[in-house]
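# Can you look at this prediction? I've put the sequence above it.
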Amino acid sequence: MVAAIAATAVLTSPCVASASPASVCPGFDFAALPRDFDRNEAQPDARAEALMAAVESDFRRSSRIVRMAIRTQYRKQRMLGREFALEPSEKTVWGVIHAGAERTDLLYVFSGPGRLAGTTLLMHDYLDSRQTDASWLFLRSLDIFKKLEPDAGRALVPGTALSYEDSRGFVPSDKFRFSFSSPALPSRERSGDGPGSWILACPRDASIAEQLRYSALRLRVDPDRRIVRFVEYLDLAGQPLKIYTLLRHAEFDGRPVPTGVKLEHFSEEFVTTIDYEYWLPERPPPASLFDPDIEKGKFVGRMRAFLSDTGLGDRIESELAEAEEKVREFTERLRKMEGGEAAVRGISKE
């Protein structure tokens, strides 16, 4: 959301009223901060707020189609790491973003692998900060569709280091205050090379920090291209939780967009890379595509119909067919395993 900047609030309001004493935002014990941190940096700055509002405005400017190829590599010490030691877990997601006059609608549908195909995240994000945003999740494996509570935004999108909140594609100015920061970062990671300014993002109040489980974000933003090159997410203890690094970008519809990113989640111990493709639809996406009424059809069917109309139907159809084949193979293996166990039980009874 593009929230109006109130001068008095910018100059006097702390970022978060109460949370962990290790946070880098005002209202906390600054003795716990890194030595390179200047407490004055945490005071919201109108120039930084304007830059981040421009980044958000660029994202909301035009409707588009996006495909994401996601590869996740887990540490071998973890169970999933042992499972995918030789080959990273791969997933594909199709997204449609509708740039409306009053809100931005975002629909993301997994097209694979296996039973993950059809899993959907739907978001309605209003430009007016007085309106309440809404998100819905459909889990194909459980056939469950539900509206998400505000604190559900901190849950991770399957197989990625992105939370549902992160999936909106920008750092929302109605939830964070922004100020320019020093270039120094905690010793764990010093990425984000290239032109840009360091910006500190503080949750606007304690409830937002608690919902998102972020005490602060530290970003490197290119002010000329208005693209985010690097994000360090700090947890409520003020410790690095995960990092986002822009690997590649390209010009699309008159603005730079990421075409390759890397995310490293420290506590969950995995690394995700995402490759992006973009298309401009000839016509605005229909409102029915973003209707949360599941009785009007599951979102994978809506996505298939829309992409078919735009000439991309073959792409998603082949991915969904491959996913269904994987499901059939898994079901067959399971059936044989269950049959074998039944035979063993029968022999033992004799």
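Right, received. Where do you want to start?
# so where's the stretch 251-350 of the chain shaky on pLDDT?
338-350 (pLDDT under 70).
# which residues in it form helices?
299-309, 313-349 (DSSP state H, counting those that start in this stretch).
# would you turn those helices into JSON lines with mean neighbour count and distance to Ile199?
C-beta here means a position set from N, CA and C on the backbone, and glycine is covered the same way. JSON lines is the format used below for these (neighbours: other C-beta atoms under 10 Å; distance: least, C-beta to C-beta, whole Å):
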{"stretch": "helix 299-309", "mean neighbour count": "19", "distance to Ile199": "35"}
{"stretch": "helix 313-349", "mean neighbour count": "12", "distance to Ile199": "36"}
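# Those helices into JSON lines, with extra columns for distance to Ser173?
Putting those into JSON lines (distance: least, C-beta to C-beta, whole Å) gives the following:
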{"stretch": "helix 299-309", "distance to Ser173": "28"}
{"stretch": "helix 313-349", "distance to Ser173": "33"}
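# Which one of these lies nearest to His124?
helix 299-309 (13.7 Å; C-beta to C-beta).
# just checking, what packs against the closest one?
Secondary-structure packing of helix 299-309 (3 or more C-beta pairs under 8 Å, 6 or more residues apart in numbering; DSSP states H and E): strand 89-99, strand 103-112, strand 120-126, helix 313-349.
# which one of these lies closest to Phe252?
strand 89-99 (11.9 Å).
# If you count neighbours, what's buried in that closest one?
For strand 89-99, a neighbour-count test (16 or more other C-beta atoms under 10 Å) marks Ser89, Lys91, Thr92, Val93, Trp94, Gly95, Val96, Ile97, His98, Ala99 as buried.
# Look at the residue lying closest to Val66 once chain neighbours are set aside and report its pLDDT.
In space, not counting the residues next to it along the chain, Val66 is nearest to Gly95; the distance is 4.4 Å by C-beta to C-beta, 6 or more residues apart in numbering. pLDDT for Gly95: 97.
# Gly95 contacts Leu107, doesn't it?
Yes - contact criterion C-beta atoms under 8 Å: Gly95 and Leu107 qualify, at 6.5 Å.
# Between the two, which contacts overlap?
Shared contacts of Gly95 and Leu107 (C-beta atoms under 8 Å, 6 or more residues apart in numbering): none.
# what stretches of the stretch 1-150 of the chain score poorly on pLDDT?
Using pLDDT under 70, the stretch 1-150 of the chain drops low at 1-24, 26-44, 76-89.
# where along it do the helices fall?
So, for the stretch 1-150 of the chain - with DSSP H, counting those that start in this stretch - the helices run 7-12, 46-60, 79-83.
# Mind listing what's buried along the longest one?
When you say that, I think you mean helix 46-60. Those would be Ala48, Glu49, Leu51, Met52, Ala53, Val55, Glu56, Asp58, Phe59, Arg60, for helix 46-60 by 16+ other C-beta under 10 Å.
# Looking at the residues you listed, which is nearest Pro158?
Phe59 (23.1 Å).
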